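1. I would like the atomic coordinates for the input below:
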Amino acid sequence: MKEDFRSIEFAPGKTISVETGRIAKLADGAVMVKMGDTMVLCTVVSARDVKEGQDFFPLVVDLRESFTAAGKFPGGFMKREGRPSDGETLASRLIDRSLRPLFPEGYYHETQVICQIYSSDGQNEADVLGAFGASAAIHISGIPYDGPMAQVKVGRINGEFVINPTIDELKKSDMDLIVAGTKTSVIMIEGEMKEISEKEMVDAIREGHKAIVKLCEFQDELRNEYGVEKREFVAIKGNQELEAKVAEQVGNRLKEIVGSGLSKEEFSAKLKEVKTEVKEAITSDSEFEEAGGEIAEIFGKMVKDTVRNMILEDKKRIDGRGPTDIRDIWSQVGYLPRVHGSAIFSRGETQALISVALGTKRDAQSIDTLFYEEDQTFMLHYNFPPYCVGEAGFLRGPGRREIGHGYLAQRALKMVLPNFDDFGYVIRVRSDITESNGSSSMASVCGGSMAMMDAGVPLPKPVAGIAMGMIVGENNTVVLSDIQGEEDFMGDMDFKTAGTADGITATQMDMKVQGISFEVIEEALAQAHSGRLHILEKMAETISTPRESLSKYAPQFVKMTIDGDSIGAVIGPGGKVIQTLQKETGTEIWIEEDEHGKGQITISADSLEKAENAKKRIQAIAGQLDEGTIYKGTVKAIKEYGAFVEIVPGKEGLLHISEINHGHVKRVEDFLSVGDEIDVKLLKVEHGGKLRLSRKALLENDEK
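-> Here you go, the predicted structure:
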């Protein structure tokens with residue numbers, strides 16, 4: 001094999017290069033993909049034999065970063081890459097979801113795809129390069145595969161679409177959309193956008209697909225030049241005799257169950273009852289006494305076919321709804337008294353309990369990855385405990401699914417958040433799925449929007465989400481609104497869209513069949529738009545605008561500006577002054593120098609009074625003392641003629657004996673001692689910065 005890079009310009013100014021035959025030659029397929037100076041090695045290995053009893057496709061996809069790729073060290077104590085970051089997990093999911101539909105049905109060979117980033121230029125992201133490379137590695141290998149597939153990112157700057165925008169270009173873009181597909185159709189979509197219309201969404205997908213076609217044709221060229229012969233694969237045929245026996249035993253009972261509008265629990269119980277009867281009847285025959293597992297598999301396929309046929313032929317769903325009907329919705333806010341905001345959102349048998357915490361800048365999540373170093377000021381964490389589906393199980397850390405669902409909901413909501421510089425709070429939304437029968441990530445969007453409004457977060461408008469499904473038949477296709485669990489499992493598409501009444505803010509689409517036409521995408525988006533407006537109306541019955549004030553339990557903020565020359569005085573030697581201020585006032589204070597050299601100070605506390613007290617003291621240190629203002633000071637020294645009171649660290653004023661109390665004061669010691677904390681009023685800032693203080697101005701005069 002050659003050891004040089006082959007290149008293609010797949011979009012204006014965008015070139016991908018591929019090399020194979022030099023690195024990882026023992027893998028079934030391996031390519032090094034390069035764009036700019038970002039390089040990703042993509043490898044695939046698939047077992048030649050299937051494990052005994054294997055009845056699913058064990059595909060594992062991992063995209064991993066190497067900090068050395070950018071000449072960096074990992075942050076923290078350990079200087080070696082550890083568990084995958086959320087970013088790596090999300091990129092791995094995107095690749096997995098794009099590849100999985102393209103393996104032949106019944107292919108159960110253990111398969112692993114690894115995409116390792118070995119060089120990063122800090123501009124060309126590696127996620128879509130990894131997806132393209134993974135497909136290319138499989139395509140040139142002997143592994144059975146119905147590809148090729150390619151993945152691109154679509155941005156839009158000043159109304160013009162940009163394919164695979166750089167990180168700097170993305171900052172100016174109003175969308176960040178990943179599209180995956182084959183030469184003929186779209187397989188997967190995921191992204192965020194600033195309230196774009198359904199038409200704009202379709203236009204973006206079409207633009208991305210143009211580049212995908214070129215990249216797929218390029219992979220065909222690579223296969224023609226470097227590919228090896230595909231392994232022979234024939235899916236194992238079912239036992240037709242056993243299938244006939246199961247069908248005979250089941251009779252018309254499945255049609256009666258599927259069409260009776262049962263709840264999830266009732267539906268599952270009825271199916272279990274029939275399945276048990278069928279297994280007992282057939283396995284009583286000695287010829288089939290070991291066929292219990294196979295009978296269960298055949299029964300499951302019969303249920304799936306029955307559900308699909310009823311939808312295709314009768315336009316009727318398991319729970320009795322029509323294709324466009326939305327399940328019953330109810331919601332409540334303010335349910336949890338001590339959190340900063342809360343909501344319950346229930347749609348059918350799916351329920352999310354949402355809680356919101358508002359924090360200071362020090363609560364931000366530090367993100368240190370190969371491509372990004374930032375403080376994340378908004379986060380949404382999604383939890384899916386086993387009880388929500390009526391099961392018992394171990395509580396582990398978040399899995400790939402939980403990370404992916406939470407990130408989708410986070411993307412949907414972050415597009416309408418106020419600017420951090422204006423609002424100043426770090427926001428954490430926690431979504432706990434307490435009941436689940438489909439669309440739990442979209443319930444997290446709806447509930448998250450309501451909970452933040454309950455917390456007083458100034459959202460300009462609410463956000464709702466809906467999950468769409470699709471059943472593809474031989475002669476027709478039916479698009480379903482607000483799918484439940486069985487429809488997701490037995491259907492051909494899961495298409496989630498979230499947004500406001502004015503446009504889409506996030507989307508995610510997965511296909512189980514090999515692609516979807518643009519006509520069906522347009523139909524699904526139009527149907528989703530109607531569903532989203534219905535859900536927003538239901539949400540508005542509970543809450544439609546943010547609370548006028550924040551929770552009394554939320555941190556209180558005060559912001560102020562000081563001259564750059566005063567920053568050092570406020571911080572003090574080794575941070576001594578600011579640390580003393582924080583301790584004595586019960587606040588958190590942080591200072592940043594802006595582009596104009598001014599000191600931007602943010603003070604947070606659990607009460608506004610504490611924050612204002614700290615502000616006064618900082619003003620004094622910075623020479624911004626206001627005559628007539630009251631300060632809490634400490635008596636530092638006592639003289640015959642009065643006392644010296646420190647009103648802020650390093651700033652003392654004279655409290656003359658005549659200003660200690662109404663009436664005659666013979667001895668200062670009769671009223672004050674060194675170390676006393678007293679309130680004083682600043683009467684005047686004299687020439688040279690001397691301060692004149694008064695205590696009696698704050699006392700009632702009993703002599704009047």
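
2. alpha carbons only for contacts and neighbour counts from here, please
-> Will do.

3. sheet partners, orientation included, of the helix or strand bottoming out on mean pLDDT in the chain?
-> Least confident helix or strand, the chain: strand 365-368 with a mean of 75, by mean pLDDT, DSSP states H and E. If you go by DSSP bridges, strand 365-368 pairs up with strand 373-376 (antiparallel).

4. just to revisit the earlier point, outside of the least confident helix or strand of the chain, which residues touch it?
-> 74-75, 373-377 (Cα atoms under 8 Å, 6 or more residues apart in numbering).

5. so how do I select the buried members of these in PyMOL?
-> One line in PyMOL is enough to select the buried ones among the contacts of strand 365-368; burial here means 16 or more other Cα atoms under 10 Å:
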select buried, resi 74+377
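
6. got CSV for the contacts of strand 365-368, with pLDDT too?
-> As requested, these are exported to CSV (pLDDT from 0 to 100):
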residue, pLDDT
Pro74, 78
Gly75, 73
Glu373, 71
Glu374, 76
Asp375, 83
Gln376, 88
Thr377, 92
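
7. picking that back up, in the least confident helix or strand of the chain, what's buried?
-> Ile367.

8. re earlier: make CSV out of the contacts of strand 365-368 and add distance to Lys153.
-> As requested, those are exported to CSV (distance: Cα to Cα, whole Å):
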residue, distance to Lys153
Pro74, 27
Gly75, 28
Glu373, 21
Glu374, 22
Asp375, 24
Gln376, 22
Thr377, 25
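
9. could you say what helices and strands the helix or strand harbouring Ile535 packs with?
-> Assigned by DSSP states H and E, Ile535 belongs to helix 518-540. Packing partners of helix 518-540 (3 or more Cα pairs under 8 Å, 6 or more residues apart in numbering; DSSP states H and E): helix 198-226, strand 329-333, strand 464-472, strand 477-481, strand 493-500.

10. how about low-confidence regions in the stretch 551-700 of the chain?
-> The model of the stretch 551-700 of the chain has no residue with pLDDT under 70.

11. in it, mark out all the helices, start to finish.
-> All helices of the stretch 551-700 of the chain, identified by DSSP state H, counting those that start in this stretch, fall at 567-571, 576-585, 608-621.

12. which one of those lies nearest to Glu200?
-> Among these, the nearest to Glu200 by Cα to Cα is helix 608-621 (45.6 Å).

13. Gly393: which of the contacts of strand 365-368 is nearest?
-> Using Cα to Cα, Gln376 comes nearest to Gly393 of the contacts of strand 365-368, at 31.5 Å.

14. would you mind measuring from that closest one to Gly75?
-> According to Cα to Cα, to the nearest Å, Gln376 stands 16 Å off from Gly75.

15. what's the answer for Leu262, then?
-> Per Cα to Cα, Leu262 is found 53 Å from Gly75.

16. got it, and Val179?
-> From Val179 to Gly75 the distance is 32 Å (Cα to Cα).

17. Glu523 too?
-> In this view, Glu523 and Gly75 are 47 Å apart by Cα to Cα.

18. what do you get for Ala614?
-> Ala614 is 34 Å from Gly75, by Cα to Cα.

19. likewise Ile678?
-> 47 Å.

20. and Ala126, by the same measure?
-> 20 Å.

21. now Asp62
-> With Cα to Cα as the criterion, Asp62 and Gly75 are 21 Å apart.

22. same check, this time on Thr283
-> Thr283 is 59 Å from Gly75, where distance means Cα to Cα.

23. which residue packs closest to the residue nearest the centre of the chain, ignoring adjacent ones?
-> Centroid check for the chain by Cα atoms, centre = their mean gives Tyr407 as the closest residue, at 1.7 Å. Distances taken as Cα to Cα, 6 or more residues apart in numbering place Leu380 nearest to Tyr407, at 7.0 Å, with adjacent residues excluded.

24. wait, doesn't that neighbour sit right on Ala409?
-> Yes - contact criterion Cα atoms under 8 Å: Leu380 and Ala409 qualify, at 7.2 Å.

25. more neighbours: these two, which one.
-> Ala409 (30 against 25; other Cα atoms under 10 Å).

26. pull the contacting residues for the nearest residue to Glu593 once chain neighbours are set aside.
-> Closest residue to Glu593 apart from its sequence neighbours, by Cα to Cα, 6+ apart: Gly599 at 4.6 Å. If you count contacts by Cα under 8 Å, 6+ apart, Gly599 has them with 561-564, 566-567, 591-593.

27. out of those, who has the most neighbours?
-> Ile567 (22 neighbours).

28. who's in contact with that one?
-> Counting by Cα under 8 Å, 6+ apart, Ile567 has contacts 591, 599, 622.

29. from those residues, which land in strands?
-> Among those, the residues falling in strands (DSSP state E) are 591, 599.

30. which of the contacts of Ile567 sits closest to Gly130?
-> Ile591 (40.9 Å).

31. which one is the closest one nearest to, not counting chain neighbours?
-> In space, Ile591 is closest to Ile601, 4.6 Å off (Cα to Cα, 6+ apart).

32. surely that neighbour and Phe557 touch.
-> No - between Ile601 and Phe557 no contact is recorded; they are 10.3 Å apart, counting by Cα under 8 Å.

33. which one's more surrounded, those two?
-> Between Ile601 and Phe557, Phe557 has the larger neighbour count (other Cα under 10 Å), namely 22 against 18.

34. who does that one bridge with?
-> Beta-bridge partners, per DSSP bridges, of Phe557: Ser604.

35. tell me how many other residues surround Thr166.
-> Here the number of neighbours of Thr166 (other Cα under 10 Å) works out to 16.

36. contact partners for it?
-> Thr166 makes contacts with 123-125, as judged by Cα under 8 Å, 6+ apart.

37. what's the answer for Met509, then?
-> Met509 neighbours (Cα under 8 Å, 6+ apart): 187-190, 493-496.

38. where does Gly320 fall, phi/psi-wise?
-> phi 90, psi 0 (degrees, to the nearest 10).

39. again with Ala27
-> Per degrees, to the nearest 10, the backbone of Ala27 is at phi -70, psi 160.

40. which parts of the stretch 301-450 of the chain are strands?
-> 329-333, 341-347, 350-359, 365-368, 373-376, 378-383, 426-435 (DSSP state E, counting those that start in this stretch).

41. rank the ones you listed by pLDDT, which is bottom?
-> With a mean of 75, strand 365-368 has the lowest mean pLDDT of those.

42. alpha carbons only: can I get it in CSV?
-> C-alpha atoms of strand 365-368 as CSV (Å, rounded to 0.1, in the frame of the first residue of the first chain):
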residue,chain,number,x,y,z
GLN,A,365,-17.0,24.1,36.0
SER,A,366,-13.4,24.3,34.8
ILE,A,367,-13.2,22.7,31.3
ASP,A,368,-9.7,21.6,30.2
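
43. nice, that's everything, thank you.
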